[in-house]
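Asker: Just a sequence and a predicted model for now, questions to come.
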Amino acid sequence: MMQILIQALIGWDQDKQEGKNGIFGIPLAFCCTTEEQGRKTLHGHLSIWIKMFNKLRKLLYHADISVKKKAQEELTAYIESIMCASYGDVTIPHACQEVSANPNIILTPASKQSLRDMHHEDHCAEAKGVVGTCSQCSMTFTTKDIINNALNSWRNMATHSNRHISSFPIPQHCMDIFAMRHMYDMYTSTSTPCHPISKHCCLQHNKEARQCILNLRFNEHDWEHRMSCFKKGCECRFCFPTSQQICTSILVDESKPLNFYEFTASPTQVCSFLALPKRQLSDLFLNNHNEVSSSIFSCNTNVQIGDDGHMYYVTLYESKGNQKEETRAYLNVSNALSRCLHRQMANTSDSTEATPDFVEGLSRVLSGIQAHMSSSIISPPLAHLLVCQDSRFTFSHDFSYLLVSQIEGHLDGKSIHFKPRNCKNKYGKKKYWPDSTVYDIVHHPKNWKKCVLMTS
């Protein structure tokens with residue numbers, strides 16, 4: 001699956017080590033780290049370098065106001081092409097008690113303080129995910145309520161009146177099937193009569209409805225949160241819920257500029273920026289996702305851009321240890337077995353019978369096995385991945401050794417260690433030159449496109 005993503009969607013040719021136009025643009029390089037999630041499924045964290053992106057980013061800090069404005073417009077258009085944080089223009093009809101008809105109501109948004117409370121581990125249960133209230137009957141709505149009402153509206157407008165339609169909301173198991181069969185159903189014209197989703201077949205080929213179901217299943221952040229949301233503190237580390245955005249905007253943090261170092265130029269100052277995609281009231285708990293990859297693979301995607309923290313987040317996975325989580329089940333079984341053997345030995349020692357040698361020997365063997373294996377436990381899916389590709393890291397380019405001390409010395413203008421070399425020209429005259437790996441990078445030919453420096 002990751003090979004399909006890298007080759008077909010990102011557009012990277014691993015054999016030629018070069019990129020072509022993909023869903024994010026023309027890639028120059030990438031790195032992918034595969035992580036296991038609770039000894040179950042695997043998921044990847046990718047950093048992708050896109051052609052011309054750095055140039056566009058530098059123009060955000062241009063002295064000319066017109067150039068800066070044009071750069072922001074182009075970057076905004078690029079962000080809208082690669083990430084989405086909206087279910088689309090969904091209608092919100094409901095059986096309002098104060099109005100006889102069923103108009104498309106206008107919800108009164110929740111207060112900023114209420115949205116702020118939903119971030120908190122303790123206060124989120126009090127708010128109950130309510131993001132809006134009916135201006136007529138004061139009925140409250142969560143984001144899931146809004147989407148379910150939209151699905152109900154599409155169901156009522158469906159032309160398949162000769163088919164049986166079960167009541168709404170759609171059961172969770174049918175939602176799962178809808179989401180997992182997303183791409184298959186989009187390219188078929190009929191559904192199997194005995195299939196569980198056949199009762200909701202009026203939505204089977206409704207592209208808008210199926211996209212909403214897909215995002216609701218995989219890209220919607222639950223208002224109740226999860227334990228992992230608060231492992232960094234008492235507030236959701238993913239900052240959900242967010243706020244409404246009339247249009248996509250870019251917030252540049254010019255208060256904390258960072259030095260950006262290059263080998264062939266003096267350091268330049270850049271600022272991190274935050275991309276805020278367009279969001280409506282129904283989208284406050286929706287991930288910044290890529291519609292193409294989510295639709296093809298029927299899975300959760302999360303696209304981030306602009307913040308220097310993203311690079312640290314991804315690269316930290318290269319040295320992240322999961323052994324505490326991975327060894328928990330193994331150690332629980334080992335400790336339980338050890339206690340059982342100790343009880344058996346204690347009961348045997350109280351009796352007149354001699355302690356069986358195999359119990360003592362087995363205890364020592366198991367203790368040795370536990371001590372040897374408890375530091376290298378991995379899940380079966382990750383074990384299979386390691387067998388197939390030898391590593392949980394995938395890089396676009398091959399690696400060559402480069403001493404960090406040489407890089408630091410060159411950037412600081414200091415003398416660096418090198419080996420003196422000499423060679424003869426065609427006239428037999430010797431020429432001496434310093435040989436250092438850092439010079440290979442600094443003085444590489446301009447047309448040498450396959451040279452990429454990747455550091456964390």
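Answerer: Structure received.
Asker: residues contacting the residue nearest the centre of the chain?
Answerer: Closest to where the C-alpha atoms of the chain average out (Cα atoms, centre = their mean) is residue 302, at 4.0 Å. Residues in contact with residue 302, defined by Cβ atoms under 8 Å, 6 or more residues apart in numbering, are 287, 288, 289. Any C-beta I mention is one placed from the backbone N, CA and C, and that applies to glycine too.
Asker: How about residue 61?
Answerer: Counting by Cβ under 8 Å, 6+ apart, residue 61 makes contact with 68, 252, 254, 269, 270, 271.
Asker: Look up phi and psi at the residue nearest to the centre of the chain.
Answerer: Main-chain dihedrals, residue 302, degrees, to the nearest 10: phi -140, psi 110.
Asker: burial count for the spatially closest residue to residue 430 that is not a sequence neighbour?
Answerer: Once flanking residues are discounted, residue 430 sits nearest to residue 422: 5.1 Å by Cβ to Cβ, 6 or more residues apart in numbering. Residues near residue 422, counting by other Cβ atoms under 10 Å, number 9.
Asker: distance of residue 422 from residue 432?
Answerer: Residue 422 is 5 Å from residue 432, where distance means Cβ to Cβ, to the nearest Å.
Asker: buried residues in stretch 61-70?
Answerer: Residues residue 61 are the ones in stretch 61-70 that count as buried (16 or more other Cβ atoms under 10 Å).
Asker: Can I get that stretch in CSV, CA atoms only?
Answerer: Extracted C-alpha coordinates of stretch 61-70, given in CSV (Å, rounded to 0.1, in the frame of the first residue of the first chain):
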residue,chain,number,x,y,z
TYR,A,61,8.9,37.5,3.8
HIS,A,62,9.7,39.6,0.7
ALA,A,63,10.2,43.4,1.3
ASP,A,64,7.9,44.2,-1.6
ILE,A,65,4.3,44.1,-0.4
SER,A,66,2.9,43.2,-3.8
VAL,A,67,5.3,40.2,-4.1
LYS,A,68,4.4,39.1,-0.5
LYS,A,69,0.7,39.3,-1.3
LYS,A,70,1.1,37.4,-4.6
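Asker: Need the mean per-residue confidence for it.
Answerer: Average pLDDT, stretch 61-70: 90.
Asker: same thing with stretch 410-430?
Answerer: For stretch 410-430, the mean pLDDT works out to 82.
Asker: do stretch 296-314 as well
Answerer: Taken as a whole, stretch 296-314 has an average pLDDT of 80.
Asker: Check stretch 249-260 too.
Answerer: For stretch 249-260, the mean per-residue pLDDT is 81.
Asker: ok so, going back, mark which of the contacts of residue 302 are part of helices, please.
Answerer: Nothing among the contacts of residue 302 maps onto helices, per DSSP state H.
Asker: Strands of this structure, residue ranges please.
Answerer: 12-13, 18-19, 27-36, 42-50, 107-109, 130-134, 140-142, 249-252, 258-262, 265-270, 273-276, 393-395, 419-424, 430-435 (DSSP state E).
Asker: Kindly reformat those strands as a markdown table containing distance to residue 121.
Answerer: Shown next, in a markdown table, are the strands of the chain (distance: least, Cβ to Cβ, whole Å):
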| stretch | distance to residue 121 |
| --- | --- |
| strand 12-13 | 40 |
| strand 18-19 | 42 |
| strand 27-36 | 24 |
| strand 42-50 | 24 |
| strand 107-109 | 23 |
| strand 130-134 | 18 |
| strand 140-142 | 18 |
| strand 249-252 | 26 |
| strand 258-262 | 32 |
| strand 265-270 | 35 |
| strand 273-276 | 24 |
| strand 393-395 | 34 |
| strand 419-424 | 58 |
| strand 430-435 | 58 |
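Asker: Looking at these, spot the one closest to residue 368.
Answerer: With distances scored as Cβ to Cβ, the stretch of the strands of the chain nearest to residue 368 is strand 27-36 (26.5 Å).
Asker: what pairs with the closest one, and is each one parallel or antiparallel?
Answerer: Here strand 27-36 is paired, per DSSP bridges, with strand 42-50 (antiparallel), strand 393-395 (antiparallel).
Asker: Single out the most deeply packed of the ones you listed.
Answerer: Mean neighbour count (mean count of other Cβ atoms under 10 Å) peaks for strand 42-50 among the strands paired with strand 27-36, with a mean of 18.
Asker: wait, isn't the residue nearest to residue 430 in contact with residue 431?
Answerer: Yes. The criterion here is Cβ atoms under 8 Å, and residue 422 meets it with residue 431 at 6.4 Å.
Asker: From residue 177, how far off is residue 205?
Answerer: Using Cβ to Cβ, we find residue 205 at a distance of 15 Å from residue 177.
Asker: Just want to know which of the two has more residues nearby.
Answerer: When residue 205 and residue 177 are compared on other Cβ under 10 Å, the one with more neighbours turns out to be residue 177, at 19 against 16.
Asker: measure the more buried one to residue 214 for me?
Answerer: Taking Cβ to Cβ, one finds residue 177 at 12 Å from residue 214.
Asker: what do you get for residue 390?
Answerer: Here the criterion is Cβ to Cβ. By it, residue 390 lies 34 Å from residue 214.
Asker: out of those two, which sits in the busier spot?
Answerer: The neighbour comparison of residue 390 against residue 214 (other Cβ under 10 Å) goes to residue 214, with 22 against 8.
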